Structures are given as structure tokens and as C-alpha cells.
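1. sharing a model that was predicted from the sequence below.
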Amino acid sequence: MLAVVPPPVTVRVPAKVNLHLAVGDSRADGYHDLVTIFQALSLTDEVTVAIADDPGVEVHGEGADSVPTGASNLAWRAVRELAQHVGRDPDDPKVRIVIRKSIPVAGGMAGGSADAAATLVGLASLWRLEISRDELAGVAGKIGADVPFAIYGGTALGTDRGDRIVPVLSRHTFHWVLAFDRRGLSTPEVFDELDRLRADGDPPRVGEAEAVLEGLSSGDPRQLALLLGNDLQAAAVSLRPNLRRTLRAGVNAGALAGMVSGSGPTCAFLCTDGDSAVRVAAELAGAGVCRTVRVAQGPVHGARVIGTEEAPRPIPPEVHA
Ligand SMILES: C[C@@](CO)(OP(=O)(O)O)[C@H](O)COP(=O)(O)OP(=O)(O)OC[C@H]1O[C@@H](n2ccc(N)nc2=O)[C@H](O)[C@@H]1O
Ligand SMILES: Nc1ncnc2c1ncn2[C@@H]1O[C@H](COP(=O)(O)OP(=O)(O)O)[C@@H](O)[C@H]1O
């Protein structure tokens, strides 16, 4: 009798921005304690997982040339971690992963983590696993600190390494403009730079997360704009001084506030509404301070199966600088 091969599964997964990122001291395990508020944005990658005799990873789209396709690809690490977790052979998983990227690589928007989360959700469906989101998030945390959030999406508080996730109430859709820089930044180098800045002086620290949670529940982007903060911003700007100009240009173009997204170098600008975001994006693109500008909304849901066949993807409007 012929075995029935399940059809490929495609998962859409969001980028994130950190509305609040408080970095504590460095720990013995090389990580820093974080208190962060993530928001998932409508800038997404798509990941297709399929049973195949030629296992491996293919990457297409935004920044594909700089993404490893071997064992260090975070999606492949997800295959191995989940295989191990459910008692399959991690050295012979017989799956092929195709990634279509829109999230900038090494951009501080957790694109690689998103691809890992999408792979976990896709494999759970492909392998017909009885596994809850919380259990998948546990596996996700072994791959990287940002991976669990991409499983859940929405708006969430992250503590410990940023991987202990609690959902947060956010009643409003917020409108963002994202400015991609010409090259990525390495996350560990940005944390190291913050440690160096703190050893030399006293870079500003963000306030309490509670105020941001209140701003979110008010649903008023003007109130939230006053509360956004990122301890890694000083470090990212120190490594990439051109980001100062980008941040200024977004606010001059009419954004309510601008910040470096996570470890950067992508800059995220909060806008009053969708029309304002389109105007800010156009003006920012004309200012020539960054490589590409996109608009996005948040919060959106986390990694989710969108089909068991190739599905067309909506690409958010792009304005070339
Ligand atoms: C800074 C943040 C903010 O959300 O994201 P990005 O902006 O890079 O996307 C995250 O903390 C990044 O998470 P992620 O990119 O998954 O980090 P990992 O692969 O687990 O760790 C890479 C390295 O970053 C540093 N790191 C990461 C997380 C953390 N809480 N403390 C750290 O010091 C460590 O040097 C670690 O070895
Ligand atoms: N699937 C993937 N997509 C993007 N980058 C990946 C992937 N797998 C591994 N990487 C590596 O992880 C690094 C960080 O990627 P990414 O998650 O895009 O950035 P960030 O941590 O700044 O949000 C990149 O430099 C890249 O070499």
C-alpha cells in the first residue's frame, strides 16, 4: 500500500517591534535580563514546510543573500529542536523549508526568529502533532530569546531573557512606518556596546513598563508615543551614528515618535493613523536617509497556517528611498 504524503504547509509570521525595552545587567549565561513589550506587525515572512527526500532550506526575498542556508539557519534549528522534542531523528528529518522574506535580515525585527517560529507551527501541522502553543513556545525558547513571542503575536510582555511571554490588552490598531538601513546589526554586538557604554558612563534608561501598558490600553497613539523607549537605542546609534539622522527625518516628516527597533538598525515611527503613515513614509523615502521604507500595522496575530498549498502573499506598500 502507498503511504499518503501530507501536502506542504505554509505559515505566515509577523515581525516585531519592542515598544519598551529595559535591559538589566549582563548575566553569567551571557544573556541580559529584559523587561520588554513586543508588538507583532503586519510585515511578514512566509515559510513553507514539506516532506522531501532532499532536506534543506531555501531563502528568497528581502536580504536572502545574507541568510545562511545550512545548519545555522534558525528555521533549520527549529526543525532539529522539534524533531528531538517529539522523538524523531533530528539528523534525518526529511523536510524541506522554503522561506520568503519581507522582514529585514539582522534588522532588530526578529525575522530569523519569526522563521523559526513559523517552522515550528508548520511542522506541528505537517507532522500532525498534538501540541499546544505553550509547548511549542517552550521548544521555541531553546532556539532564541525572541522566538516564543512570534508563536503568540499580538502585544505581549516579555521577561527573563525576553522569552517568558504574557499577553497584553491592546484595544487599538497602531500605524507604523519602518525605515530599513543599508546593512544589518549584530544583536550580541549591540548588547556588548550597551555594556561598554554603561561601564564608561550612564546612558539613559527607560522608565517602567506599567506606564506603557496604560498607554496601550488607552488606545491613543499620542499617549503611547510619549512612552516608547529602548535601552538598546543608545548602543545601536553609537555603532551606527547615521541612525540619528533617520530618527530625526521621521519625526520631521510628521511621525508622533521614532525609535530604534530592538537591537536595530531598523527605525520604527509611530503615526497618528494610516493616512498619516503613508504621508510620513513617502516623505521619509524622499529624504534619502535609509534603504527602504514600509508601512505596517500592529498588533497582528502570531505564526499561523495560511494554507496547505502555495498561497499568494500580500506585500505591504514599499517606498524606495
Ligand atoms: C534584542 C532583541 C529584543 O527583542 O531582539 P532583536 O532586536 O535582536 O531582534 C532580543 O532580545 C534578541 O533576541 P534573539 O535575537 O532571539 O537573541 P538570541 O539569539 O537568543 O541571543 C543572541 C545574543 O544576544 C544577546 N542577548 C539576547 C537576549 C537577551 N535577553 N540578552 C542578551 O544579551 C546575547 O549576547 C545572546 O548571545
Ligand atoms: N531564517 C533566517 N532569517 C534571517 N536571518 C537568519 C535566519 N537564520 C539565521 N539567520 C542569521 O541570524 C542573524 C539575525 O537575524 P534576524 O533575526 O533577521 O535579526 P535580528 O536578531 O536583528 O532581529 C542574521 O545575521 C542571520 O545571519
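-> Alright, I've got the coordinates. Ligands and ions are numbered 1, 2, ... in the order given.
2. does Asp53 sit in a helix, a strand or a coil?
-> Under the three-state scheme (DSSP: H, G, I helix; E, B strand; the rest coil), Asp53 adopts coil.
3. what residues are up against it?
-> By C-beta atoms under 8 Å, 6 or more residues apart in numbering, the contact list for Asp53 reads Lys94. Yep, even glycine has a C-beta here, placed from its N, CA and C like the rest.
4. how near is it to Val121?
-> Note on Asp53: its distance to Val121, by C-beta to C-beta, to the nearest Å, is 23 Å.
5. please apply the same query to Gly286.
-> 39 Å.
6. Val293 too?
-> Applying C-beta to C-beta to Val293 and Val121 gives a distance of 29 Å.
7. in CSV, could you pull the C-alpha coordinates for stretch 75-84?
-> Provided in CSV are the C-alpha atoms of stretch 75-84 (Å, rounded to 0.1, in the frame of the first residue of the first chain):
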residue,chain,number,x,y,z
ALA,A,75,14.4,27.6,10.7
TRP,A,76,16.6,24.5,10.4
ARG,A,77,17.5,24.8,14.1
ALA,A,78,13.7,24.7,14.7
VAL,A,79,13.4,21.5,12.6
ARG,A,80,16.1,19.8,14.8
GLU,A,81,14.7,21.1,18.1
LEU,A,82,11.1,19.9,17.4
ALA,A,83,12.3,16.6,15.9
GLN,A,84,14.2,16.0,19.1
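8. could you list the buried residues of the stretch of helix or strand Asp25 belongs to?
-> Per DSSP states H and E: Asp25 is located in strand 9-26. Within strand 9-26, the residues that count as buried by 16 or more other C-beta atoms under 10 Å are 9-23.
9. which residue does the stretch 1-150 of the chain bring closest to ligand 2?
-> Gly112 (2.9 Å; C-beta to the nearest ligand atom).
10. now do the contacts for the residue lying closest to that residue once chain neighbours are set aside.
-> In space, and not counting its chain neighbours, Gly112 is closest to Leu74: 4.2 Å by C-beta to C-beta, 6 or more residues apart in numbering. Applying C-beta under 8 Å, 6+ apart to Leu74 gives the contacts Gly112, Ser113, Asp115, Ala116, Ile143, Gly144, Val147.
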